[in-house]
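Visitor: Whatever this is, show me its structure:
(chains A and B)
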Amino acid sequence: MQRLIDKFVLDFIEKERWKFITNGLKVTLIVTLLALIIGTLIGIVVGIIRCAHDQQNPSDLRGVKGFLLKALNAVCKLYVTVIRGTPALVQLLIMYYVILITAKSKILVAVLTFGINSGAYVAEIFRGGIMSVDPGQMEAGRSLGLSYVQTMIKIVLPQAFKAILPSLVNEFIALLKETSICGYIGLNELTRGGDIIRGTTFDALFPLFAVALIYLMLVLIISYLSGLLERRLRKSDIR
Amino acid sequence: MISVKNLHKYFGDNEVLRGIDYEIDKGEKIVIVGASGSGKSTFLRCLNLLEQPTSGQIFIDGEEITARGADVDRIRRKMGMVFQHFNLFQNLTILDNITLAPTMLKLQSKDEAVKNAMALLERIGLPDKANAYPSQLSGGQKQRIAIVRSLAMNPEVMLFDEPTSALDPEMVGEVLQVMKELAEDGMTMVVVTHEMGFAREVASKVVFIDEGVIKEENTPQEFFSAPKNPRLRDFLSKVL
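Guide: Residues are numbered from 1 along each chain as shown, chains lettered A, B, ... in the order given. The predicted structure is shown next:
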């Protein structure tokens, strides 16, 4: 017992080693949150473009507008294919060592990588959600004189969002945990913080379990919040 | 006020409309009948460009809406549309369903729109449903609300796409009643329906669409008592 307490003190209290964990947690949260915002924005736009294309009668895709939509759709499809088809770690390394080689901030590299990565998954989630909304909803909005974008924002997206919330939360949880690979570019996030302690004190038990426990708690908080949100969104389902 | 010239519509290789010419004057009540798959719904949906015609022209008040660059959203404000499956906005209350378009398009202030919507709900006897959601209403109630949602935009024409086909039989009457009152108020209406009683009673003209063309058009008396086209005779013998 005393040995365990000694180890605990050595791992976290001595030389304020707990700061590796808290500072790492801060970085993890910043990267996740910013990537989440970027990913959601990309995802909504790409998802809408893919749907706008797929839900058109092919013979209606004529003229400049039709060509533009086809071109945009092709770009979005390529983006989703490439991002989903390669490991996030490889994307992170390419971003760090090839594309953003002059970037000073590792956080920036991580945020962009995970934002772009998450965007591809969120786009597919949104695409599924928008496709699941009855096309009659869009038609009703358009027939009243609302534009495509107005109907999308006021009618279709809110309904799609309710349907996809569980998958969206799933994606956000995956994103949070995926940021643990940032150690590969030397960014001191939560996982690496724990690993640094392990490397200095040669004790693996406490630091790694502490890291695991923190991830678990974060995920529990996210699940709880999404549960609250789901219940609020369900108010139009009362019969 | 609506003028259709040589309208064609393809879905892929399938030619659904094979050249339709038609004129609708202000205040007319046109009832379109025909077998399913005849193209009658497609014709109606072309009138407000929910379906893009493959070729041909449509004029509303002299303005060509099929022209390149025509402001479709503005034209649609003048044309209300009622759907077979009501298509009330599931995520909004009844009141918001009715006020959304007028307020979003800045045609009415929020207060005006709410007042207007409540007056419309009074008219169909459903003011107590203002804060309900569509999922809480019966089919007949939904369709009556869908009708007044369109009316809130003060349209010049109302298009009805089989408005009673998805209703339980006992709810058909209440919806037809609202449509009759609308007709008595002088609204220009184009109605695709299987309700022959409604056609007889309300229509100024009845149109028979078959195989993508208008096969016969006449006043309801003539249309039902002395049909000329053999396909129409066959059709009427099955539905009457």
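
Visitor: Could you check how far the residue in chain B sticking out farthest from the centre is from chain A?
Guide: With distances taken as CA atoms, centre = their mean, the residue sitting farthest from the centre of chain B turns out to be residue B:111, at 28.1 Å. Look at residue B:111 and chain A: by CB to the nearest CB, to the nearest Å, they are 20 Å apart. C-beta coordinates here come from the backbone N, C-alpha and C atoms, glycine included.

Visitor: any weak-confidence spans in chain B?
Guide: For chain B, applying pLDDT under 70 flags no range at all.

Visitor: May I ask you to name the longest helix in it?
Guide: helix B:169-184 (DSSP state H).

Visitor: Could you point out the helix or strand that follows that helix?
Guide: Later in the chain than helix B:169-184, the nearest helix or strand by DSSP states H and E is strand B:188-192.

Visitor: Report the distance from that following strand to the chain centre.
Guide: Its chain's C-alpha centre and that of strand B:188-192 lie 5 Å apart, by CA atoms, centre = their mean, to the nearest Å.

Visitor: So which residues make contact with the strand or helix carrying residue A:140?
Guide: According to DSSP H and E, residue A:140 maps onto helix A:135-143. For helix A:135-143, the external contacting residues (CB atoms under 8 Å, 6 or more residues apart in numbering or on different chains) are A:55, A:148, A:150-152, A:154-156, A:159, B:48, B:50, B:73, B:76, B:79-81, B:83, B:85, B:87-90, B:101, B:146, B:150.

Visitor: Using CSV, write out every CA atom in that helix.
Guide: What follows is helix A:135-143, C-alpha atoms only, in CSV (Å, rounded to 0.1, in the frame of the first residue of the first chain):
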residue,chain,number,x,y,z
PRO,A,135,-38.5,15.4,-49.9
GLY,A,136,-42.0,16.8,-49.5
GLN,A,137,-40.7,19.1,-46.7
MET,A,138,-38.3,20.8,-49.2
GLU,A,139,-41.0,21.0,-51.8
ALA,A,140,-43.5,22.6,-49.4
GLY,A,141,-40.9,25.2,-48.5
ARG,A,142,-40.1,25.9,-52.1
SER,A,143,-43.7,26.1,-53.1
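
Visitor: how about that helix: buried residues?
Guide: Within helix A:135-143, the residues that qualify as buried are A:136-143, counting by 16 or more other CB atoms under 10 Å in any protein chain shown.

Visitor: just to revisit the earlier point, which among the contacts of helix A:135-143 end up buried?
Guide: Looks like the contacts of helix A:135-143 have A:150-152, A:154-156, A:159, B:48, B:50, B:73, B:76, B:79-81, B:83, B:85, B:87-90, B:101, B:146, B:150 buried, using 16+ other CB under 10 Å.

Visitor: Tell me, please, the helix or strand in chain A that averages the lowest pLDDT.
Guide: helix A:2-8 (a mean of 82; mean pLDDT, DSSP states H and E).

Visitor: thinking residue B:114 is in contact with residue B:95, fair?
Guide: Yes. Under the criterion of CB atoms under 8 Å, residue B:114 makes contact with residue B:95 at 6.7 Å.

Visitor: And for stretch A:219-228, what's in contact with it?
Guide: Contacts with stretch A:219-228, where a contact means CB under 8 Å, 6+ apart, come from A:165-166, A:169, A:172-173, A:176-177.

Visitor: Next: stretch A:193-201.
Guide: By CB under 8 Å, 6+ apart, stretch A:193-201 touches A:7, A:10-12, A:17, A:20-21, A:23-25, A:183, A:188, A:203-204, A:206-208, A:210-211.

Visitor: Give the rounded mean pLDDT of it.
Guide: For stretch A:193-201, the mean per-residue pLDDT is 89.

Visitor: Buried ones in it, by neighbour count?
Guide: Here stretch A:193-201 shows A:193-198, A:201 as buried, counting by 16+ other CB under 10 Å.

Visitor: Turn the residues you listed into JSON lines, columns for secondary structure.
Guide: Output for the buried residues of stretch A:193-201, formatted as JSON lines (DSSP: H, G, I helix; E, B strand; the rest coil):
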{"residue": "A:193", "secondary structure": "helix"}
{"residue": "A:194", "secondary structure": "helix"}
{"residue": "A:195", "secondary structure": "helix"}
{"residue": "A:196", "secondary structure": "helix"}
{"residue": "A:197", "secondary structure": "helix"}
{"residue": "A:198", "secondary structure": "helix"}
{"residue": "A:201", "secondary structure": "helix"}
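
Visitor: how close does the residue lying farthest from the centre of chain A sit to chain B?
Guide: In chain A, the residue that sits farthest from the middle, by CA atoms, centre = their mean, is residue A:2; the gap is 42.5 Å. Separation of residue A:2 from chain B (CB to the nearest CB): 61 Å.

Visitor: Next: residue A:111.
Guide: From residue A:111 to chain B the distance is 32 Å (CB to the nearest CB).

Visitor: what's downstream of the longest helix along chain A, the next helix or strand?
Guide: Taking DSSP H as the criterion, chain A has its longest helix at helix A:18-54. From helix A:18-54 onward toward the C-terminus, using DSSP H and E, the following helix or strand is helix A:63-85.

Visitor: Check whether that following helix comes into contact with chain B.
Guide: Yes. Helix A:63-85 reaches chain B (CB under 8 Å from any CB of the partner chain) through residue A:63.

Visitor: If you count contacts, what does whichever helix or strand comes after that helix end up packed against?
Guide: Per DSSP H and E, the first helix or strand lying C-terminal to helix A:63-85 is helix A:88-94. Under the contact criterion of 3 or more CB pairs under 8 Å, 6 or more residues apart in numbering or on different chains; DSSP states H and E, helix A:88-94 touches helix A:106-132.
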